[in-house]
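# predicted coordinates and the sequence they were generated for:
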Amino acid sequence: MSAVATVLYFASLRDAAGVASEQVPVGGDLAGLYERLRARHGFALARDRLRVAVDGEFAPWEQAVVAGSEIAFIPPVSGG
Amino acid sequence: MDTPSQSRFQLAATPFDVAALRAQLLDDRVGGFTSFEGWVRNHNDGRRVRGLHYQAYEDLALREGERVLDEALARFDIIDARCVHRMGELAIGELAVWVGVSAAHRDAAFAACRFVIDEIKARVPIWKQERYLEGDSGWLHPRPR
């Protein structure tokens, strides 16, 4: 079994990706992961407009992508 | 501070009972109560809206929402506070978010209520998709205040 992390997509990212979640190979940092996924899925939002969370807590972009983690890219929020 | 029997911040998939939430905030020490109700309106940015869809990253939304309420209790001279945010499909006129705050005096009750709704809107991972009268829809991803 290869080492993978799970990525969750929300709102416009979910629409662009066409899936709510997917598994990705580990390695590199969260910033690099977003850029690779952005290139693949054509996300309109630049990274500086997003936050990122790992296992349900906000995380820094330079954090490593590790096996078994759940990574959520958080587009600008619009509750209320 | 009394320990609440349930979380101060909740997500709701169905309409919720405002009177029951308000009752949780009643206390003999309370001299002032404020609330905010966010309703679904029929227009935004010049477009005619026919409904909203809300989506959340629930785990983090519940944690971050709770942190906002905790900060309100730490920063303002209030006795208690609650916030409930709807999820899913909402029609025009439906209640999307409710905030309630109780305090000994009104100044803190007003200030804390404004703080809670502003911070919930800015920080909690909840997203709004507008359904337009023309048939299309769009997610809102606002720039920071």
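Okay, I see it.

# residue closest to the middle of chain B?
Nearest residue to the geometric centre of chain B (CA atoms, centre = their mean): B:Val97, 3.8 Å.

# residues contacting that residue?
A:Gly79, A:Gly80, B:Phe36, B:Glu37, B:Gly38, B:Cys83, B:Val84, B:His85, B:Arg86, B:Ile117, B:Ile120 (CB atoms under 8 Å, 6 or more residues apart in numbering or on different chains). For glycine as for every other residue, the C-beta is placed from the backbone atoms N, C-alpha and C.

# drop anything exposed from these.
Among these, those classed as buried by 16 or more other CB atoms under 10 Å in any protein chain shown are A:Gly79, A:Gly80, B:Phe36, B:Gly38, B:Cys83, B:Val84, B:His85, B:Arg86, B:Ile117, B:Ile120.

# can you name the residue of chain B nearest to chain A?
B:Ile126 (3.3 Å; CB to the nearest CB).

# ok, now which ones touch that residue?
A:Val77, A:Ser78, A:Gly79, A:Gly80, B:Leu11, B:Tyr54, B:Gln55, B:Ala56, B:Ala61, B:His85, B:Met87, B:Ile120.

# in helices only, show me the residues you listed.
B:Ala61, B:Ile120 (DSSP state H).

# reformat the contacts of B:Ile126 as TSV; add distance to A:Val26.
Output for the contacts of B:Ile126, formatted as TSV (distance: CB to CB, whole Å):
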residue	distance to A:Val26
A:Val77	27
A:Ser78	31
A:Gly79	32
A:Gly80	36
B:Leu11	31
B:Tyr54	32
B:Gln55	27
B:Ala56	27
B:Ala61	26
B:His85	34
B:Met87	31
B:Ile120	34
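
# from the contacts of B:Ile126, which ones fall inside strands?
Of those, the ones assigned to strands by DSSP state E are B:Leu11, B:Tyr54, B:Gln55, B:Ala56, B:His85.
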